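>>> sequence and predicted structure, then a few things I'm wondering about:
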Amino acid sequence: MLKHVLDVVELLDSPNTSGAVLAEHLKSFAGADGAEITVETVTGEQGHTDFVTVVVAGSAGKRSGGSAPTLGVIGRLGGVGARPELVGYVSDGDGAAAALAVAAKLLDMHAKGDVLPGDVIVSTHVCGWAPTQPHHPVPFMNSPVDMRTMNEHEVSDEMDVVLSIDTTKGNRVINHRGIALSPTVKQGWILKVSDDLIDVVETVTGEHARTYPITMQDITPYGNGVQHINSILQPAVATSAPVVGLAITAQTAVAGCATGASHEVDIALAARVAVETAKRLGAGSLRFHDADEFDRLVSLYGSMTQLQSAPETA
């Protein structure tokens, strides 16, 4: 996995990086069938970005008429570069790097005959010329397109569960370097941290799993005038599927627009967690949430889907 990360980061760390460049790299791993790689360029008020989507078909996946659940792996970020303000690959790009490394690994596995049961959909976007924005305690990366557009291109109705990977270093609530799991979020409810995902993280890292707190405002849509830890859980506003944020973290507050601040081994940890999650999910040995407990919460206290919608005054 580390080799895949190193190759992807090298391609992202260029003023000429693009979705087409990354798609060609991924196609070098794809076999004759079982893979679909698409790139779509979308222009916003502050420039353009390339959305890259990779579908790796499973042996018992829904695309082939099977019933194995579909995993969505989303690489969240504003941009992989902040040119012309800053030169080089920025910390915020780690979500894209992890997702693209996951795609490369799964495509390589599939081509060699290691086909997972369920379909996996990997999506992210590539932009080397993204704007920055003020944020406390350190600046964030912005994006050429708004969050609604990102969700439209990265979140699919086919995804039964979503693992959202994002650099989450610009805060003072996570104070260790590595990776960390969020609680599961579903239809406006913040649920307990998945025991099964804790098992995956502890197996991959060989350490106790780290988790991090999220608040109600973190799972509301961007643009509503309240502060969010970052965009890691924004996919949860665009789907009814359970969403978990897999954060790439640091011991100190690091700006998303900082260059020279990425740690490839940590990106690889996140990518390995995603691949192992795909293996166990398709095999039926992993759950993101307890469906019966969720239904009981809704029956007792009502729907929380209003938290998925931006208010009219936003």
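Noted; the coordinates are in hand. Numbers count the residues shown, from 1 in each chain.
>>> poorly predicted segments of the protein, please.
By pLDDT under 70, the weakly predicted segments of the chain are 32-34, 312-314.
>>> for this protein, just list every one of the strands.
Under the criterion DSSP state E, the chain contains strands at 35-44, 47-56, 71-76, 120-126, 132-133, 140-141, 161-167, 178-181, 185-186, 189-190, 243-249.
>>> dump the residue contacts of residue 9.
Listed by Cβ atoms under 8 Å, 6 or more residues apart in numbering, the contact partners of residue 9 are 89, 93, 97, 262, 264, 267. (Glycine included, C-beta is placed from N, CA and C.)
>>> wait, the third one sits on residue 267?
Yes. Assessed by Cβ atoms under 8 Å, residue 97 is found in contact with residue 267 at 5.2 Å.
>>> dump the C-alpha coordinates for stretch 135-155 into CSV.
In CSV, the C-alpha atoms belonging to stretch 135-155 read as follows (Å, rounded to 0.1, in the frame of the first residue of the first chain):
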residue,chain,number,x,y,z
HIS,A,135,-10.3,29.2,9.8
HIS,A,136,-9.6,28.9,13.5
PRO,A,137,-7.1,27.6,14.7
VAL,A,138,-5.3,27.3,11.3
PRO,A,139,-6.3,28.1,7.7
PHE,A,140,-8.3,25.6,5.7
MET,A,141,-8.2,24.8,2.0
ASN,A,142,-11.2,25.9,0.0
SER,A,143,-12.4,24.4,-3.2
PRO,A,144,-13.3,25.7,-6.7
VAL,A,145,-16.7,24.1,-6.3
ASP,A,146,-19.2,24.2,-3.4
MET,A,147,-20.0,21.3,-1.1
ARG,A,148,-23.3,20.5,-2.7
THR,A,149,-21.5,20.0,-6.0
MET,A,150,-18.9,17.8,-4.4
ASN,A,151,-21.6,15.6,-2.8
GLU,A,152,-23.4,15.3,-6.1
HIS,A,153,-20.3,13.9,-7.8
GLU,A,154,-18.8,11.9,-4.9
VAL,A,155,-21.8,10.4,-3.1
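>>> show me how far that stretch is from its chain's centre.
Computed by Cα atoms, centre = their mean, to the nearest Å, the chain-centroid distance of stretch 135-155 equals 12 Å.
>>> how about it: buried residues?
135, 138-145, 147, 149-151, 153-155 (16 or more other Cβ atoms under 10 Å).
>>> cool, stretch 220-228 as well?
220, 221, 222, 228.
>>> need the contact partners of it.
Residues contacting stretch 220-228 (Cβ under 8 Å, 6+ apart): 136, 146-148, 217-218, 231, 234, 237, 307-311, 314.
>>> what's the first-to-last distance across that stretch?
8 Å (Cα to Cα, to the nearest Å).
>>> ok, now stretch 16-31?
27 Å.
>>> stretch 29-37 too?
First residue to last in stretch 29-37 (Cα to Cα) measures 11 Å.
>>> ok, back up a step: of all the strands of the chain, which one is nearest residue 20?
Within these, the stretch nearest residue 20 is strand 35-44; the backing value is 5.7 Å (Cβ to Cβ).
>>> next, the angle strand 120-126 makes with the closest one.
Relative orientation of strand 35-44 and strand 120-126, computed by axes from the mean of the first three to the mean of the last three Cα atoms, to 10 degrees: 30 degrees.
>>> residues of strand 35-44 that come out buried?
35, 37, 39, 42.
>>> out of those residues, which is nearest to residue 116?
Using Cβ to Cβ, these come closest to residue 116 at residue 35, 12.4 Å.
>>> so the closest one makes contact with residue 58?
No. Taking Cβ under 8 Å as the definition, residue 35 is not a contact partner of residue 58, at 11.5 Å.
>>> which stretches of this protein form helices?
2-12, 19-27, 94-112, 147-154, 195-205, 264-283, 291-301 (DSSP state H).
>>> of those, which is nearest residue 254?
When the helices of the chain are compared (using Cβ to Cβ), the closest one is helix 94-112, at 10.6 Å.
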